[in-house]
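Q: Generate a structure from the sequence data that follows.
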Amino acid sequence: MAEHTLILLRHAKSDWSGHEDDHDRPLAKRGRRQAPEAGRWLAANVDSIDLAVVSTAQRARSTWDLASDELDEPPNTRHDNDAYAASVDELLDIVRGLDEALNTVVLVGHNPGIEDLAQALTAGRVPMPTSALAVIELNNTWDGAGRTRGLLRAAGRPPASTR
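A: This next block holds a predicted model:
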């Protein structure tokens, strides 16, 4: 049985048509459809989430807002500027700093860091297109994340619903 479960969520498709700086870029229309699909997948497949750690970028915050609206009991959310445009090492620092009392945590961020983190935790390639999820069981403490191989339980972009 896993000691902790880390769910990686890459932000939904962003809108490049405006002149916003990278941090302030909003979601595209497609992204506003994708994010709730990720939330519905989480609601159907994850019993409970203790915390969401979300990049401060607008597209990441909007993704989580839309996804968490689909959950019966949304978890506490921590917006973390260190997750914005973070490298795998910076993301590992965030994960390793989590409170051991937390069982399941969602980390909402960006590529290439999110994809690199999935690979570092599972020792396998895990493609993370926009709105993709990766559910990784860690057989270790949060502080030990990446020191032993985690188990990839699910990965991919949730299918579009007919709803």
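
Q: Does residue 130 touch residue 9 like I think?
A: No: using CB atoms under 8 Å as the test, residue 130 is too far from residue 9 to be in contact (10.1 Å). The way it works is simple: take the backbone N, C-alpha and C, and place the C-beta from them, glycine included.

Q: which of those two has more neighbours?
A: Using other CB atoms under 10 Å, the more surrounded residue of residue 130 and residue 9 is residue 9, with 27 against 21.

Q: Ramachandran coordinates for the more buried one?
A: In terms of degrees, to the nearest 10, the main-chain angles of residue 9 are phi -130, psi 120.

Q: what sits against it?
A: 38, 63, 64, 67, 106, 107, 108, 109, 114, 131, 132, 133 (CB atoms under 8 Å, 6 or more residues apart in numbering).

Q: and what of residue 58?
A: Contacts of residue 58 by CB under 8 Å, 6+ apart are 20, 23, 24, 25, 26, 27.

Q: One more pass at 10 Å, please.
A: Neighbouring residues of residue 58 by CB atoms under 10 Å, 6 or more residues apart in numbering: 11, 14, 15, 20, 21, 22, 23, 24, 25, 26, 27.

Q: Ok, residue 20 next?
A: Shown in contact with residue 20 (CB under 10 Å, 6+ apart): 14, 26, 58, 59.

Q: Generate a ChimeraX selection restricted to the buried entries among the residues you listed.
A: Applying 16 or more other CB atoms under 10 Å to these, the buried members can be selected in ChimeraX as follows:
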select :14,58,59
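
Q: out of the contacts of residue 20, what pair is the most spread apart?
A: Spatially, the most separated pair among the contacts of residue 20 is 14 and 58, at 8.4 Å (CB to CB).

Q: Need the overlap of contacts for the two.
A: By CB under 10 Å, 6+ apart, the residues touching both residue 14 and residue 58 are 20, 22, 25, 26, 27.

Q: For residue 117, identify the helix or strand it belongs to.
A: In this assignment (DSSP states H and E), residue 117 forms part of helix 113-122.

Q: Show me what that helix is packed up against.
A: When contacts are defined as 3 or more CB pairs under 10 Å, 6 or more residues apart in numbering; DSSP states H and E, helix 113-122 packs onto strand 4-10, helix 88-96, strand 104-109, strand 133-138, strand 151-156.

Q: and with 6 Å instead?
A: If you count contacts as 3 or more CB pairs under 6 Å, 6 or more residues apart in numbering; DSSP states H and E, helix 113-122 packs onto strand 4-10, helix 88-96.
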